[in-house]
Each structure stands twice: as structure tokens, then as C-alpha cells.
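Engineer: have a look; sequence and predicted model below, questions after that.
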Amino acid sequence: MINIIWAAMFIVGVVFAAFHGTMDEVNKAVFNSAKEGVAICFGLISILVFWLGIMKIAEKSGLLNLLSHVFKPVLKRLFPEVPPDHPAMGYILSNVVANMFGLGNAATPMGLKAMEQLKKLNNNKPEASRSMITLLALNTSGMTLIPTTVIAIRMKYGSEAPTEIVGTTLAATICASIAAVIIDRLFYYRRKRKGKK
Amino acid sequence: MAIITALSVWLIPILIGIVILHGTIKKVPTYETFVEGGKEGFNIAVSIIPFIVGMLVSIGVFRASGALDYFLNMLKPILAAIGVPPQVVPLALIRPISGNGALGMMSDLIAQYGPDSFIGRLASTIQGSTDTTFYIITVYFGAVGIKKIGDALKVGLLVDFVGISAAIIIVTYVFG
């Protein structure tokens, strides 16, 4: 799936450029995008190193387990295939909480650790397990209590009420999160019906 | 607003403080553990470079060639017919594909129509209503080496669709 989309965007782009005289832009885009990609990853280094360091302390001290213990009932329902006391639960919870508080910087490292643990649970197979897809769906719904970047941009353009969109955004993102849980379940049942897990 | 700003400033340092304090009380070798975890972080950051570069180049080529705009223009009348304001159609369509692209478009719309206009409010809400599915799949699955993504992309895009639709309906209802 991802292979086809990836190749299609590239091939369609190049063919389109050949007929519309935008080959120069395409040529630039190749190198600029590659540079941007590396820049993003380098930008992530500081955040990943710092947050995963802190999280390691939280994991060893038992704080992470304590946290997941409190929210166990909800997590157990969302991730029935993960044993309740597995370290993955703590990371999943940290990821969701960090997202909610708009700490995107902290959310990514915790999400990655959660994925790593989920892969271990799935016998290190290179395929997405049910729990991985659920975690991904929750993350793509982008549940945030306070959309800080958007507020900052609104302020920059002189909005009289930069935070007036907090309510509408919250309502929309809650809809997306509920949809994430439901759609994820529906696809899971569909897979089960088809007989592959 | 002052409370929200103060909260987000205080939240992180206090959170870190609690973690380190709890670790010290539980007799965890905090500094050594921090370094150990940090090493993993570095390895993850480096290991996702090829995934991010590959995805960004493909999206970049698609956008720069003009093909993306062409498809967006084709979809515009269809989406406009079901009540989507035509100005936000490109933003709604690019939101799941490119986070930076969407942020740029949102800023454009706000600059053009004003942050307190209907379009400005709608663009702001769309931006915050959902996250960049392509980026999340690339980073999360790339970092742990997932090759078969299963239903992940379909689920992610459907969630985006619901989030953006909800944004349009809610903003129209509240501010329209």
C-alpha cells in the first residue's frame, strides 16, 4: 500500500511536470525536500534524547506503571491485546496525555517507545498489529486541549480573540478521536471476518 | 489566556521535576538512567531519516510539479457542491499529507482573510482538528521497522475525514 502511494506520487509528479514545464521546480523539490527531511530528524534528536532519557527514569522508578495503573480500565478496553501490566501501557498513556496537553515534542518519543514495545508483543514481526493500528489512529486524530501553534499564528496576524477557536477545535478533535476508536474497531472486525488477523 | 500560557510554561519543568524526584526517592541511578534512555533517542532519530526523506521527496515532487494543485482544482467543485467553502478545500486536502504544507496554507488564509473572519476561524479549526497521518505513519512505523502497515493508512485517512468534516460543521454552526 505505502509502496504504491509513494511511487505513484513521484511518477505522477514527474510525468505531470514533463507536460506542464515545471521540471525545474521538481528538480529543486527533490533536493530541498531531502534537506528538509534531514533537518526534521536532526531537530528531533534533542527532543528524543532528552525525553527518552527522562522517560527511562520514570520507567525504572515505577512512575510509568503507577500512571498506567490509574487509567487501566480505559486502556484495557482500547488495547485488549496488551497485558495490563506491560510497559507498553505506560508509554501509550504518556503518549496520549502528552498529545492532549499539546506537548507534541514529548508525545512523539513516547509514541515511538510504545510502538517498540508493541512490536515486541507481536513477536517482532514487521507487520502492524491490532494495537499498533489503534495507537496510530488515536495519534492521527490529534487530540489536543490547547492548539498552541494555531493560537500563536492567530496572534501574529493580530487576532482580537486568538483563543476563540479553542472550543471549536476541541469539539472537532473529540469527534475525530471518537471516530478513531470506532473506525479502528470496525476495521478490526472486518479483518477478523476475513479470517486474517 | 494568561492562565493557559502560564500553565503550558509551568507544566513541563514541573513534570520533569516530579520524574527526577520520584526516581531519586526510589533509589534509581537517575543520571546514568537518563543517559541510557537518551542513547536510544539518538538512535531512533537517526534511524528514521531515510523514512522521512523518502516521504518528503515524493510529496515534494508531487506538489512542485503542479499535480497536487491540479487534483485539488478537480475536486473543488465536488466538495463545494456538498457545502465546503472553496477557499479551505486545498487546506482540508493537504492536512493529512503534509503538516508544514497545511500550516503554510493556514497562515496564508489567515493573512488573506483575517484571523477573525469566518474563513480564518475555519482554517484555524481545521488545522487543529486532526494530525498529519502520513507523517505519523512514516515516523512511528519507520522507527520500529513495520513494513506491512495493514489498515493503518485507511483508518488514519478516515479519521482525518471525520475530523475535518466536524470542523466545517461545527464552525459553520458556531460562527456562521
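Structural biologist: Received it, and whenever you're ready, just let me know what you need.
Engineer: which non-adjacent residue is nearest the spatially most central residue of chain A?
Structural biologist: The residue lying closest to the centre of chain A (CA atoms, centre = their mean) is residue A:139, at 3.7 Å. In this structure, residue A:139 finds its nearest non-sequential neighbour in residue B:136, 5.1 Å apart by CB to CB, 6 or more residues apart in numbering or on different chains. Any C-beta I mention is one placed from the backbone N, CA and C, and that applies to glycine too.
Engineer: wait, that neighbour sits on residue B:156?
Structural biologist: Yes. Using CB atoms under 8 Å, residue B:136 makes contact with residue B:156 at a distance of 7.1 Å.
Engineer: higher neighbour count, the two?
Structural biologist: residue B:156 (28 against 22; other CB atoms under 10 Å in any protein chain shown).
Engineer: so where do the helices sit in chain B?
Structural biologist: B:2-25, B:30-47, B:49-64, B:67-81, B:89-94, B:99-113, B:118-129, B:133-144, B:152-175 (DSSP state H).
Engineer: tabulate those helices (TSV), appending mean pLDDT.
Structural biologist: Shown next, in TSV, are those (pLDDT from 0 to 100):
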stretch	mean pLDDT
helix B:2-25	80
helix B:30-47	90
helix B:49-64	87
helix B:67-81	84
helix B:89-94	86
helix B:99-113	86
helix B:118-129	93
helix B:133-144	89
helix B:152-175	93
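Engineer: can you put those helices in CSV and add distance to residue A:85?
Structural biologist: Supplementary listing: these in CSV, determined by distance: least, CB to CB, whole Å:
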stretch, distance to residue A:85
helix B:2-25, 19
helix B:30-47, 20
helix B:49-64, 31
helix B:67-81, 47
helix B:89-94, 42
helix B:99-113, 35
helix B:118-129, 35
helix B:133-144, 21
helix B:152-175, 26
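Engineer: now, of those, which is deepest in the fold?
Structural biologist: helix B:118-129 (a mean of 26; mean count of other CB atoms under 10 Å in any protein chain shown).
Engineer: tilt between that helix and helix B:152-175?
Structural biologist: Computed by axes from the mean of the first three to the mean of the last three CA atoms, to 10 degrees, the angle separating helix B:118-129 from helix B:152-175 equals 140 degrees.
Engineer: got the phi/psi numbers for residue A:83?
Structural biologist: Backbone torsions for residue A:83, taken as degrees, to the nearest 10, come to phi -60, psi 140.
Engineer: hmm, back to that, shared neighbours, residue B:136 and residue B:156?
Structural biologist: A:136, A:140 (CB atoms under 8 Å, 6 or more residues apart in numbering or on different chains).
Engineer: hmm, who's touching stretch A:176-194?
Structural biologist: In contact with stretch A:176-194 (CB under 8 Å, 6+ apart) are residues A:78, A:130, A:133-134, A:137-138, A:140-143, A:197, B:129-130, B:150-151, B:154-155, B:158-160, B:162-163, B:166.
Engineer: I'd guessed residue B:107 sits against residue A:154; true?
Structural biologist: No. Between residue B:107 and residue A:154 there is no contact under CB under 8 Å: 9.8 Å.
Engineer: tell me the residue furthest from the middle of chain B?
Structural biologist: residue B:27 (38.4 Å).
Engineer: confidence score at it?
Structural biologist: Note for residue B:27: predicted pLDDT of 94.
Engineer: I'd like the distance between it and residue B:118.
Structural biologist: 58 Å (CB to CB, to the nearest Å).
Engineer: now name the helix or strand holding the residue nearest to the centre of chain A.
Structural biologist: helix A:130-140 (DSSP states H and E).
Engineer: which positions in that helix come out as buried?
Structural biologist: Residues A:130, A:131, A:132, A:133, A:134, A:135, A:136, A:137, A:138, A:139, A:140 are the ones in helix A:130-140 that count as buried (16 or more other CB atoms under 10 Å in any protein chain shown).
Engineer: dump those residues to CSV, plus pLDDT and distance to residue A:30.
Structural biologist: Below are the buried residues of helix A:130-140 laid out as CSV (pLDDT from 0 to 100; distance: CB to CB, whole Å):
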residue, pLDDT, distance to residue A:30
A:130, 93, 37
A:131, 95, 36
A:132, 95, 31
A:133, 95, 32
A:134, 95, 35
A:135, 95, 32
A:136, 94, 28
A:137, 94, 32
A:138, 92, 33
A:139, 92, 29
A:140, 91, 27
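Engineer: cool, thanks, talk later.
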